[in-house]
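K.L.:
Pasting the sequence and the predicted model now:
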Amino acid sequence: MAEQREIGFGVVGLGMGKHHAWAITNAKGARLVAVCDVDAERLNQVMAQYGCRGYAAYRDLLADEDVEVAAICTPTGMHVDMALEAIALGKHLIVEKPVDVRLDKIERLIEAGRNAGVKMQAIFQSRTVPLHRRMKEAMDGGRLGKLIGVHAMLPWYRKQTYYEGSHGSWKGTWAMDGGGSLMNQGVHTVDLMQWLVGRVRSVMGAFGVYAHEIESEDTSVAALKFENGALGTLSTTTCAYPGLPQTILIYGERGTICVEEGELKIWKIQGEREGEEEQEMLRLYGPKRKEEGEGVSSDPMAVGASGHQGEVEDLVEAIRTDREPYISIESAKHAVEIVQAIYESGRTGREVVIGE
Ligand SMILES: NC(=O)c1ccc[n+]([C@@H]2O[C@H](COP(=O)([O-])OP(=O)(O)OC[C@H]3O[C@@H](n4cnc5c(N)ncnc54)[C@H](O)[C@@H]3O)[C@@H](O)[C@H]2O)c1
């Protein structure tokens, strides 16, 4: 069979975008054509590292005919505006999480993408983690029986300096970050909960700023009612020194699964193969020793790029075979809806029903 042509990618925004450059370079079927950043130092560094074209203005990158896919990795409040311009030029898209800070904009993007017939992949790399995919299989197969409790905790730590300087001052703002510990760090956990368990019907939430000088929040808590009847709780913070693992505990009538930052802690599902399956799952996905405070719970750049590589390869396949990407923008919208409902509940002191 003839070798298929590589798809040309361009990356806008070179913070997390550096990981995209790596992922694209390593992905099968993809080619890094160009990168863009208004910060000349970041731009020059990535251009030199990958020997690709560089643009200071994103419109110049979008006008580059060799760029077929634009990866939008700028501050969140800029995502949809840039994405809409890319679509107007016929580009396919990768959009970093969360898709945007405004739901009306996300909806406009979904419609514009559909009308233009381009492929749009949202980044929620936690959905690509093999253990999470095994959990999803178990949940979709109803293995836990009727679901009862879903509890997630994100006790992370970010220093004040994370929120300062030219690449920090947009973080923790409502306009550009759409919130703080919940919208920025917590949205991955929110998405995992809804992806694994199903849609959330209503929330009661509270939030505040406790240990940072930021506009939005650095701590949030919420009680959730899922459409399938399960009850949930969620807490997020960037105040928990030195940064502790994300934990998700799910139980139903027939069993319990607990995972800590991608490592399996408990897999107990009633049935003939209970012990055997538990051992097998723990061997494959169980704890590997880590130092306290190591990793993404305390270091924002410790997030790997292998999930991103998988998403890039999936998008290449989606373009070649004209199918939906693995993580569509539509599927990434509900996490933002849940986050915004928690903020609304925190502000009003009332239960917020999603979609009303
Ligand atoms: N998937 C993940 O795990 C993950 C991790 C971190 C950040 N993110 C997401 O990535 C996005 C960026 O976050 P970050 O932490 O990399 O922020 P950052 O501030 O470090 O990087 C953003 C970059 O965009 C550049 N930029 C700003 N305006 C621009 C413009 N008009 N044209 C071109 N470049 C412009 C900035 O100079 C900066 O280099 C956010 O949406 C964030 O939520 C995702």
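P.N.:
Sure thing, it's come through. Just so we're clear, the structure is a prediction, and the values are computed from it rather than from any experiment.
K.L.:
residue ranges of the helices in the stretch 251-356 of the chain, please?
P.N.:
Per DSSP state H, counting those that start in this stretch, the stretch 251-356 of the chain carries helices over the ranges 274-285, 306-321, 329-348.
K.L.:
Which one, of those, ends up nearest to D39?
P.N.:
Among the helices of the stretch 251-356 of the chain, the nearest to D39 by CB to CB is helix 306-321 (20.6 Å). C-beta: built from backbone N, CA, C; applies to glycine.
K.L.:
G149 and G54, how far apart?
P.N.:
50 Å (CB to CB, to the nearest Å).
K.L.:
Neighbour count: those two, which is higher?
P.N.:
Set G149 next to G54 and count neighbours by other CB atoms under 10 Å: G54 wins out with 20 against 13.
K.L.:
can you tell me which residue is nearest the centre of this protein?
P.N.:
Residue closest to the average C-alpha location in the chain (CA atoms, centre = their mean): F124, at 3.1 Å.
K.L.:
Mind checking if stretch 240-255 is in reach of the ligand?
P.N.:
No: using CB under 6 Å from any ligand atom, stretch 240-255 never reaches the ligand; the gap is at least 11.9 Å.
K.L.:
start to end distance for that stretch?
P.N.:
End-to-end distance of stretch 240-255 (CA to CA, to the nearest Å): 30 Å.
K.L.:
average pLDDT across that stretch?
P.N.:
Mean per-residue pLDDT for stretch 240-255: 98.
K.L.:
Let me know which of the helices of the stretch 251-356 of the chain is the nearest to the ligand.
P.N.:
For the helices of the stretch 251-356 of the chain, the distance to the ligand is smallest for helix 306-321, at 7.2 Å, taking CB to the nearest ligand atom.
K.L.:
So what's the residue count around the residue nearest to R158 when sequence neighbours are not counted?
P.N.:
With sequence-adjacent residues excluded and distances taken as CB to CB, 6 or more residues apart in numbering, R158 is closest to T238, at 4.0 Å. Other residues lying near T238 total 31 when counted by other CB under 10 Å.
K.L.:
ok, T238 to the ligand distance?
P.N.:
Separation of T238 from the ligand (CB to the nearest ligand atom, to the nearest Å) stands at 13 Å.
K.L.:
Pull the contacting residues for that residue.
P.N.:
Applying CB atoms under 8 Å, 6 or more residues apart in numbering to T238 gives the contacts W156, Y157, R158, Y162, G180, S181, Q185, H212, D218, T219.
K.L.:
Tell me if I am right that the fourth one is in a strand.
P.N.:
The one in question is Y162. No: the assignment for Y162, made by DSSP: H, G, I helix; E, B strand; the rest coil, is helix rather than a strand.
K.L.:
Contact partners for it?
P.N.:
Counting by CB under 8 Å, 6+ apart, Y162 touches G168, K171, T238, P300.
K.L.:
Look at V11 and tell me its secondary structure.
P.N.:
Following three-state DSSP, the label given to V11 is strand.
K.L.:
these two touch, right, it and V33?
P.N.:
No: here V11 lies out of contact with V33, judged by CB atoms under 8 Å, at a distance of 9.3 Å.
K.L.:
who has more neighbours, the two?
P.N.:
Ranked by neighbour count (other CB under 10 Å), V11 and V33 place V11 first, with 30 against 22.
K.L.:
Check the spacing between that one and the ligand real quick.
P.N.:
The value you get for V11 to the ligand, if CB to the nearest ligand atom is used, is 10 Å.
K.L.:
so what's that residue up against?
P.N.:
G17, H20, A21, I24, L32, A34, V35, C36, V46, A70, A71, C73.
K.L.:
before we move on, the earlier item: with mean neighbour count as new columns, can the helices of the stretch 251-356 of the chain be given to me in TSV?
P.N.:
Formatted as TSV, those follow (neighbours: other CB atoms under 10 Å):
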stretch	mean neighbour count
helix 274-285	14
helix 306-321	20
helix 329-348	21
